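*Asks:* sequence and predicted structure below; questions after.
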Amino acid sequence: YYNVKHDWTDKGFNFSLEIPPAVVMRAMTFLKDLATEEFGFSPTVPDNMPGNKLLKYFVQYPMDVNVGLYVDMLGYDFGCQVLRKNESNFDLVCDYLKLPKTKSLKKAYHANYAALAICYFLSKEVGIDDINIWQYFLTGQKLMDNDIDILGIDKTGKIYFRKKANEYSFSNRHWHSVWMLEKWGAKRTGEILSDVLLQSMDEYKYHCFLMLEFDYPDGNLPQELAQAIYRYGISKEAHDIGNRLREQNVKRIDKCSIIFDLTQKELAREEETPEGIFKVARTGRDLYDISEKLHNCVRIYVDKMLRKDCTIYCLQKEDKFLACIEVSNGAVVQASGMCNKKLSGYLLDTVISWSARNNLVYAVS
């Protein structure tokens, strides 16, 4: 039922198949009976682990099911150190990941199989080594809206995701945490970051993070935006305030008057269809208008278009703006509607058909 797939360290495991709960229950009853015969008692299993993982890990490590995640994550070398009859591999995982072996962390490991992976991610990727902040993350089972089992750690300790183009990656995570810790302390920082890293990464949170990365790489946030993040976290409210500040900045530096040097091929993609007209952004003012109508951040793409890194199109019907499309290197790399929402239905079909007619690869994830 499972397909072996290749990942960056060893041959990993495909958890894409959903096994019905009734099947898992019957199978686990049988496996527990076998374990009772082998060990003289029925090992305890977590109640929050998906059934497909539970079956695989119980067969491999019946005394400590949770360690199965770390064997898949860390690869063959680590797996060789794990014995099937080990009652707990907490110390082994902590030694390998260089995590502190505290009582609270041990309790968290046995309660939530993903706890140590999340702590390692916080330490390595976010720059948070304070276990007082880790406590806000210990019950999570996802990172940036992705299942923990897509996480991998190579032999150098570098973290990878099974996500093409690092969809939810941003380079300035360390300054986010340092800046927040200095201003607001462990409690508020933990609350703000856990809300983003562990909860659903919706469009507003994602674009608010991008705003922090690209607009304020040195951490010098305007007071109004900083206050919004403190009050609401990385949220729609902070996103909208940041957008308004961007608008003021765009007006101040007058990028609206810039005219883009477009090629004949870029101009030829303009097209009138029954669903609407595909138009290319010819000036900075066009980008500003698209951004105003669709409530997105495309106004900041002036420099990208000047560098020929991309071309921005919009789908418009009469006075209504329906979609914003980014074309780069012969592919449609972004396509979204109002407030950066993913396209669906006839709008998605319309943009895909337009892409095909213009020999563009539709590469929107």
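*Replies:* Now that the structure is in, tell me what you want to look at. Numbers count the residues shown, from 1 in each chain.
*Asks:* helix, strand or coil for L138?
*Replies:* Reduced to three states with DSSP: H, G, I helix; E, B strand; the rest coil, the structure at L138 is coil.
*Asks:* and it, how far from Y61?
*Replies:* Between L138 and Y61 the distance is 21 Å, computed by C-beta to C-beta, to the nearest Å. (Each C-beta comes from the backbone N, C-alpha and C, glycine too.)
*Asks:* can you tell me how far G140 sits from F121?
*Replies:* In terms of C-beta to C-beta, G140 sits 10 Å off from F121.
*Asks:* ok, those two, which is more surrounded?
*Replies:* Using other C-beta atoms under 10 Å as the criterion, G140 and F121 rank with F121 on top: 22 against 18.
*Asks:* show me where the protein has its strands.
*Replies:* Applying DSSP state E to the chain gives strands spanning 142-143, 146-147, 151-153, 159-161, 271-273, 276-280, 311-317, 320-328, 331-336, 361-362.
*Asks:* contacting residues for F30?
*Replies:* The contact partners of F30, by C-beta atoms under 8 Å, 6 or more residues apart in numbering, come to none.
*Asks:* any idea how far T283 is from it?
*Replies:* For F30 relative to T283 (C-beta to C-beta), the value is 69 Å.
*Asks:* could you do G276 as well?
*Replies:* 20 Å.
*Asks:* circling back: JSON lines please, covering the strands of the chain and showing mean pLDDT.
*Replies:* Shown next, in JSON lines, are the strands of the chain (pLDDT from 0 to 100):
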{"stretch": "strand 142-143", "mean pLDDT": "80"}
{"stretch": "strand 146-147", "mean pLDDT": "73"}
{"stretch": "strand 151-153", "mean pLDDT": "72"}
{"stretch": "strand 159-161", "mean pLDDT": "67"}
{"stretch": "strand 271-273", "mean pLDDT": "94"}
{"stretch": "strand 276-280", "mean pLDDT": "96"}
{"stretch": "strand 311-317", "mean pLDDT": "95"}
{"stretch": "strand 320-328", "mean pLDDT": "94"}
{"stretch": "strand 331-336", "mean pLDDT": "93"}
{"stretch": "strand 361-362", "mean pLDDT": "94"}
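*Asks:* now those as a markdown table including distance to L55?
*Replies:* Output for those, formatted as a markdown table (distance: least, C-beta to C-beta, whole Å):
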| stretch | distance to L55 |
| --- | --- |
| strand 142-143 | 21 |
| strand 146-147 | 16 |
| strand 151-153 | 20 |
| strand 159-161 | 25 |
| strand 271-273 | 50 |
| strand 276-280 | 50 |
| strand 311-317 | 47 |
| strand 320-328 | 43 |
| strand 331-336 | 39 |
| strand 361-362 | 37 |
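*Asks:* can you list these in a markdown table and add mean neighbour count and distance to L198?
*Replies:* As requested, these are arranged in a markdown table below (neighbours: other C-beta atoms under 10 Å; distance: least, C-beta to C-beta, whole Å):
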| stretch | mean neighbour count | distance to L198 |
| --- | --- | --- |
| strand 142-143 | 20 | 6 |
| strand 146-147 | 14 | 11 |
| strand 151-153 | 20 | 13 |
| strand 159-161 | 15 | 15 |
| strand 271-273 | 12 | 42 |
| strand 276-280 | 18 | 39 |
| strand 311-317 | 21 | 33 |
| strand 320-328 | 21 | 29 |
| strand 331-336 | 19 | 25 |
| strand 361-362 | 14 | 31 |
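*Asks:* of all those, which one is nearest E18?
*Replies:* strand 146-147 (12.4 Å; C-beta to C-beta).
*Asks:* okay, and the helix or strand of this structure with the least pLDDT?
*Replies:* Least confident helix or strand, the chain: strand 159-161 with a mean of 67, by mean pLDDT, DSSP states H and E.
*Asks:* L55: neighbour count?
*Replies:* 18.
*Asks:* grab the longest helix from this structure for me.
*Replies:* Assignment by DSSP state H gives helix 173-197 as the longest helix of the chain.
*Asks:* now that helix: buried residues?
*Replies:* Neighbour counts using 16 or more other C-beta atoms under 10 Å place 173, 175-181, 184, 186, 189-190, 192-197 of helix 173-197 among the buried residues.
*Asks:* centre of the chain to it, how far?
*Replies:* 17 Å (C-alpha atoms, centre = their mean, to the nearest Å).
*Asks:* now do the end-to-end distance for stretch 297-307.
*Replies:* 18 Å (C-alpha to C-alpha, to the nearest Å).
*Asks:* can you give me the buried ones in that stretch?
*Replies:* Buried-residue list, stretch 297-307, by 16+ other C-beta under 10 Å: C297, V298, R299, I300, Y301, V302, K304, M305.
*Asks:* got it, and stretch 43-51?
*Replies:* P43, V45, M49, G51.
*Asks:* need those in JSON lines with pLDDT and distance to S344, can you?
*Replies:* Formatted as JSON lines, the buried residues of stretch 43-51 follow (pLDDT from 0 to 100; distance: C-beta to C-beta, whole Å):
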{"residue": "P43", "pLDDT": "74", "distance to S344": "45"}
{"residue": "V45", "pLDDT": "77", "distance to S344": "39"}
{"residue": "M49", "pLDDT": "79", "distance to S344": "32"}
{"residue": "G51", "pLDDT": "76", "distance to S344": "30"}
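*Asks:* out of these, which is nearest to Y57?
*Replies:* Checking the buried residues of stretch 43-51 against Y57 with C-beta to C-beta, the nearest one is M49 at 7.5 Å.
*Asks:* so that closest one touches V67, yeah?
*Replies:* No - counting by C-beta atoms under 8 Å, M49 sits too far from V67 to count as a contact (11.9 Å).
*Asks:* for Y109, see how far away the nearest residue to G276 once chain neighbours are set aside is.
*Replies:* Among residues not flanking G276 along the chain, K317 sits closest, at 3.7 Å (C-beta to C-beta, 6 or more residues apart in numbering). To Y109, K317 is 55 Å away according to C-beta to C-beta.
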